[in-house]
Structure formats: structure tokens, C-alpha cells
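Asker: How does the following fold in three dimensions:
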Amino acid sequence: MKSAVDTNVLVALWDTDDALNRIALSAFDRAQRLGGLVVSGAVYAELLALPERSEEFLDQFFLETGMQLDWKLDEKVWRTAGRAFQSYAQRRSRQSASAPRRILADFLIGAHAVCHGHQLLTLDDRLYRAAFPELNLIRI
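Answerer: Model (predicted):
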């Protein structure tokens, strides 16, 4: 089974000072061997916003690691993300606003994984468990 990779895993992977770096590297390598890795265009866009990251850097990284980039988000992904985002907004309105706000990209990443039958490699299983209970998660 392919593993979709959440933005936060790649951030931890690139930050050698991050306490989760080794764990992220191990999970990344294991998932790569077991079925390959894929990232959605939403992850690419989030990564491009990081300091000292450029399209050239990202393209080279994905080429060297053999990670697949999936640029297409079809109607099913958009609808799934929209429904999950809607449910999140309803849950959030009933709870205290002290929790961090989520952005649509989080739901696109989860919807992309679930609609394509991928498991998701993430540091943030709480969000994805609530929004996509059917999604197979690999929590780092």
C-alpha cells in the first residue's frame, strides 16, 4: 500500500535538530520500502512556503527520493475534503476556540489519501482520525 506523506513529516525529516527526525526518517524509509510514497500538490505548496525552500530544492528532493507527486485533485477529493472541513467547522463552533485552527489544505491532504486508498504518514493523527475515521494512519 502506498503511503501519502503529510507536510509535517517532511519538515521533521529535514530538521536534524527536531526530536522526531530519527523517527520520521525510520517511518519514511519503512513506508518507502513497503509500497512507495506519494505527496499531493497541497503538500508541495505548503513545503514551498518554508524558509530556504525553492521549487528546485523540492523537485530535486522528490526526484532523488523517488516520491511520487500527485498534482491532480479530482471532484471526489474536493467533495470529501469539503465535507470533512464542514464537519470540522461544526465541531469547532461547539467547542472552545483555544485549539489551533485548521486550514483547507489539511483536509485536502487527508481526502487525497483516503480517496486514493493510501495510508497517511503524519505527526497529527488527532485531526485526521476525527476528520477521516476510515483513513489508515501511521503516526510518528
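Asker: Please make it C-alpha for all contacts and neighbour counts, starting now.
Answerer: OK.
Asker: now the strands for this structure?
Answerer: Assigned by DSSP state E, the strands in the chain fall at 3-5, 37-40, 68-70, 119-122, 137-139.
Asker: Out of the ones you listed, the one nearest residue 101 is which?
Answerer: strand 119-122 (17.5 Å; C-alpha to C-alpha).
Asker: What helices and strands are in contact with the closest one?
Answerer: Contacts defined by 3 or more C-alpha pairs under 8 Å, 6 or more residues apart in numbering; DSSP states H and E place strand 119-122 against strand 3-5, helix 7-14, helix 104-115, strand 137-139.
Asker: just these: most buried one?
Answerer: Across those, the average number of neighbours (mean count of other C-alpha atoms under 10 Å) peaks for strand 3-5, which reaches a mean of 27.
Asker: pLDDT averaged over that one, what's the number?
Answerer: Here strand 3-5 scores 96 as its mean pLDDT.
Asker: Would you mind pulling the contact partners of that strand?
Answerer: Contact with strand 3-5 is made by 31-32, 35-40, 43, 113, 118-122, as judged by C-alpha atoms under 8 Å, 6 or more residues apart in numbering.
Asker: just to revisit the earlier point, would you format the helices and strands packed on strand 119-122 as CSV with distance to residue 55 included?
Answerer: Supplementary listing: the helices and strands packed on strand 119-122 in CSV, determined by distance: least, C-alpha to C-alpha, whole Å:
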stretch, distance to residue 55
strand 3-5, 18
helix 7-14, 15
helix 104-115, 19
strand 137-139, 27
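Asker: closest one to residue 82 among those?
Answerer: When the helices and strands packed on strand 119-122 are ranked by distance to residue 82, counting by C-alpha to C-alpha, first place goes to helix 104-115 at 7.6 Å.
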